[in-house]
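Peer 1: give the three-dimensional model of this entry:
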Amino acid sequence: MNSEVEITEVDAKGRIILPEKIRDKIGIHPHDKLVLGIKNNTLILTKQKRSVFDLQLKEVKKGTLKKALLFERSIDKAGKKDMPVQE
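Peer 2: Sure, this is the predicted structure:
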């Protein structure tokens, strides 16, 4: 297991800052969703995998509606519309 250790504080509102080195290594970007859990009294934080719907919405937000529609059509043809994918 490859592990890195960083120390961070919890602020008065219960928030923590994920150090940049950790965010970069895992690929965490603004607005990503994270899954938080507890196992054997240990906090576990995992980046949530993106669905094709998230990827499509991202393309629409970039202003590339045509590209998003073509992407949706290709997913429909492949029959994988509900399959989660990772970027």
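
Peer 1: could you use CA atoms for every contact and neighbour count after this?
Peer 2: OK.

Peer 1: what segments of the chain are strands?
Peer 2: 34-39, 42-47 (DSSP state E).

Peer 1: now distance to V10 too, for those, in CSV please.
Peer 2: Formatted as CSV, the strands of the chain follow (distance: least, Cα to Cα, whole Å):
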stretch, distance to V10
strand 34-39, 15
strand 42-47, 13
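
Peer 1: now the ones you listed as a markdown table including mean pLDDT and distance to G27?
Peer 2: Formatted as a markdown table, the strands of the chain follow (pLDDT from 0 to 100; distance: least, Cα to Cα, whole Å):
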| stretch | mean pLDDT | distance to G27 |
| --- | --- | --- |
| strand 34-39 | 90 | 11 |
| strand 42-47 | 88 | 8 |
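
Peer 1: to D24, which of those strands lies closest?
Peer 2: strand 42-47 (12.0 Å; Cα to Cα).

Peer 1: buried set for that closest one?
Peer 2: Residues of strand 42-47 include none that count as buried (16 or more other Cα atoms under 10 Å).

Peer 1: that one versus strand 34-39: what angle between them?
Peer 2: 160 degrees (axes from the mean of the first three to the mean of the last three Cα atoms, to 10 degrees).

Peer 1: who are the contact partners of K33?
Peer 2: K33 makes contact with 47-48 under the criterion Cα atoms under 8 Å, 6 or more residues apart in numbering.
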